[in-house]
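K.L.:
I'll drop the sequence and a predicted model, then ask my questions.
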Amino acid sequence: MAKKLTVDVLRQLPKTELHCHLDGSVRPETLLDLARLQKVKIPGDSAEELRDYMHVQNAASLEEYLARFEVTISVMQTAEALERIAYELAEDAARDGVTYLEVRNAPVLNIRRGLTLPQVVEATVRGLDKAEKDLGIMGRFIVTSLRNLSPAISLDLAKYEVDF
């Protein structure tokens with residue numbers, strides 16, 4: 001007799017996630033906690049409000065949609081926050097049965113308060129490595145750029161990634 005296909009059955013199946021954005025995967029509870037710790041103003045006082053705000057349903061343009069990510073990026077400016085977010089992302093993915101995860105992020109977005117590009121990458125990788133040790137999920141980090149940045153910045157990021 002075949003098993004009924006349920007959410008629990010689907011979670012048990014091994015999966016691969018090849019395109020996951022770090023700044024789009026912050027738990028609302030974590031976003032709230034980090035904002036309080038860092039004294040960053042965000043558009044909501046509860047995880048539910050933040051979840052609703054971040055769930056963009058009727059954006060008139062890509063720019064309008066992407067503007068919401070300024071909220072998550074605002075708290076992704078410390079090594080501790082990046083490590084925690086990467087770990088929790090891997091933890092959530094592992095809970096859904098993901099065994100291999102590729103996380104992408106543009107580190108230039110995380111240097112606004114003094115982090116260096118190496119510090120951003122190292123913190124993110126630390127979170128993914130810790131999740132691999134704790135949970136068995138293999139996570140890899142992909143350095144990305146943004147199309148609205150100058151080609152020179154994108155080239156610098158590519159060279160940095162190769163060196164790293």
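P.N.:
Structure's in. What do you need?
K.L.:
Stretch 29-43: which residues count as buried?
P.N.:
30-32, 34-35, 38, 42 (16 or more other Cβ atoms under 10 Å). Yep, even glycine has a C-beta here, placed from its N, CA and C like the rest.
K.L.:
what residues does it touch?
P.N.:
Contacts of stretch 29-43 from elsewhere in the structure, counted by Cβ atoms under 8 Å, 6 or more residues apart in numbering, are 44-47, 49-50, 53-54, 71-72, 74-75, 77-78, 81, 84-85, 88.
K.L.:
residues in contact with the residue nearest the centre of the chain?
P.N.:
The centroid of the chain falls nearest to residue 22 when counting by Cα atoms, centre = their mean (1.4 Å). Residue 22 makes contact with 76, 82, 85-86, 89, 103-105, 124 under the criterion Cβ under 8 Å, 6+ apart.
K.L.:
Turn the residues you listed into JSON lines, including secondary structure, neighbour count and distance to residue 140.
P.N.:
JSON lines is the format used below for those (DSSP: H, G, I helix; E, B strand; the rest coil; neighbours: other Cβ atoms under 10 Å; distance: Cβ to Cβ, whole Å):
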{"residue": "76", "secondary structure": "coil", "neighbour count": "28", "distance to residue 140": "19"}
{"residue": "82", "secondary structure": "helix", "neighbour count": "26", "distance to residue 140": "15"}
{"residue": "85", "secondary structure": "helix", "neighbour count": "26", "distance to residue 140": "16"}
{"residue": "86", "secondary structure": "helix", "neighbour count": "27", "distance to residue 140": "11"}
{"residue": "89", "secondary structure": "helix", "neighbour count": "28", "distance to residue 140": "12"}
{"residue": "103", "secondary structure": "strand", "neighbour count": "23", "distance to residue 140": "7"}
{"residue": "104", "secondary structure": "strand", "neighbour count": "16", "distance to residue 140": "10"}
{"residue": "105", "secondary structure": "strand", "neighbour count": "25", "distance to residue 140": "12"}
{"residue": "124", "secondary structure": "helix", "neighbour count": "26", "distance to residue 140": "10"}
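K.L.:
If we only consider these, which is nearest to residue 164?
P.N.:
residue 124 (11.1 Å; Cβ to Cβ).
K.L.:
My read is that the closest one contacts residue 86, right?
P.N.:
Yes: using Cβ atoms under 8 Å, residue 124 makes contact with residue 86 at a distance of 4.7 Å.
K.L.:
Report the buried members of the contacts of stretch 29-43.
P.N.:
Using 16+ other Cβ under 10 Å as the burial test, the contacts of stretch 29-43 include 44, 50, 54, 71-72, 74-75, 77-78, 81, 84-85, 88 as buried.
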